[in-house]
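Colleague: here is the input, now give the coordinates:
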Amino acid sequence: MDQKQTLLHHFLAALAYRTQKALRGAPSDFPLFRAAPKLRTPHEVIRHMDDVLGYSRTFFIGGSYRAPVFPDFQAAIAHFHETLADVARHIELGTELREATAEILLQGPFSDAMTHAGQLALLRRLAGSPVPPENFVFAEIKSANLGPDQPLPARPDEVWPEKP
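Modeller: Numbers count the residues shown, from 1 in each chain. As a prediction, the model looks like this:
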């Protein structure tokens, strides 16, 4: 892979890590938490993230994409990671981009998905179960690990004033 491909692939690994960090240890009722009327639940956010990454894949393979609806939250999470891994596979293989560049993927769908990972963390806080902070510089993010089984924080913050 060239440098751009390596960075895009690593960004997707960071997305997998941050998504799982936001979901790890969430209460059982978290998937259906709705912060306000007409706002997405965490379950709906995961499906939207799957949609966004599936859309990014269309720049490699054409067509259109709409994530399936899974009644089970864990199945929706697993499918999100499958879509993420498939996008990464196209990057690894050097599949030619259609009507897009690496920069467009980064500024558009990839950044959008990362924003939603942050939204999941914010929803955790609003649901009364904040995500423990950490120094992401030291996070054990590996490009080969795009699935839901992500490592625990390498350097969690020692001071956490809002800890429940």
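Colleague: which residues touch the residue lying closest to residue 33 once chain neighbours are set aside?
Modeller: In space, and not counting its chain neighbours, residue 33 is closest to residue 127: 4.5 Å by CB to CB, 6 or more residues apart in numbering. All C-beta atoms are positioned from the backbone trio N, CA, C, and that covers glycine. Residue 127 is in contact with 26-27, 29-30, 33, 35, counting by CB atoms under 8 Å, 6 or more residues apart in numbering.
Colleague: and the helix or strand encompassing residue 48, how far out from the chain middle?
Modeller: Using DSSP states H and E, residue 48 falls within helix 42-61. Here helix 42-61 is found 10 Å from its chain centre; the criterion is CA atoms, centre = their mean, to the nearest Å.
Colleague: same question, stretch 92-105
Modeller: 19 Å.
Colleague: what residues does the helix or strand harbouring residue 118 touch?
Modeller: Using DSSP H and E, residue 118 falls within helix 111-126. With CB under 8 Å, 6+ apart as the test, helix 111-126 has contacts from 11, 14-15, 18-19, 21-23, 26, 30, 33, 35, 40, 42, 45-46, 48-49, 52-53, 130-131, 162.
Colleague: just to be sure, residue 130 is in a strand?
Modeller: No. Read with DSSP: H, G, I helix; E, B strand; the rest coil, residue 130 is coil and lies in no strand.
Colleague: distance of it from residue 69?
Modeller: Distance check for residue 130 against residue 69: by CB to CB, to the nearest Å, it reads 29 Å.
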